[in-house]
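# sequence? don't have it. structure:
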């Protein structure tokens with residue numbers, strides 16, 4: 001499984017994220033809960049390699 005860091009711009013502010021899966025696959029945006037971060041989705045991402053999965057680090061959590 002390949003995981004790439006990604007930076008999104010939301011309302012002019014940078015938001016860190018991770019991306020894994022298959023480019024062109026079903027696009028899924030993963031948002032974590034209060035005490036988690038984007039890396040919390042890595043075990044799930046390993047089980048879903050055909051998705052184009054973007055795992056966001058909400059501000060203050062990554």
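That came in fine, so what should we check first? Since the model is a prediction, treat every value here as computed from it, not as a measurement.
# quick one: low-confidence parts of the chain?
The chain contains residues with pLDDT under 70 at 61-62.
# Would you check how far apart residue 46 and residue 15 are?
23 Å (C-beta to C-beta, to the nearest Å). For the C-beta atoms, the positions are set from N, CA and C on the backbone; glycine is no exception.
# higher neighbour count, these two?
residue 15 (16 against 12; other C-beta atoms under 10 Å).
# Partner strands of the helix or strand harbouring that one and their direction?
Here residue 15, judged by DSSP states H and E, is contained in strand 13-21. Using DSSP bridges, strand 13-21 pairs in its sheet with strand 3-10 (antiparallel), strand 52-56 (antiparallel).
# Which of these has the highest mean neighbour count?
strand 52-56 (a mean of 21; mean count of other C-beta atoms under 10 Å).
# contacts for that strand?
Applying C-beta atoms under 8 Å, 6 or more residues apart in numbering, the external contacts of strand 52-56 come out as 6, 8, 15-32, 38-42, 45.
# Just the buried subset of those residues, please.
Buried members of these, scored by 16 or more other C-beta atoms under 10 Å, are 6, 15-21, 30, 32, 38, 41, 45.
# ok so, going back, roughly how far out does the strand holding residue 15 sit from the chain middle?
5 Å (C-alpha atoms, centre = their mean, to the nearest Å).
# mind checking the end-to-end distance for stretch 5-21?
One end of stretch 5-21 sits 13 Å from the other (C-alpha to C-alpha, to the nearest Å).
# if we can go back for a sec, so what are the sheet partners of the helix or strand following the strand holding residue 15 and their directions?
For strand 13-21, the following helix or strand on the C-terminal side (DSSP H and E) is strand 27-31. Applying DSSP bridges, strand 27-31 is found paired with strand 52-56 (parallel).
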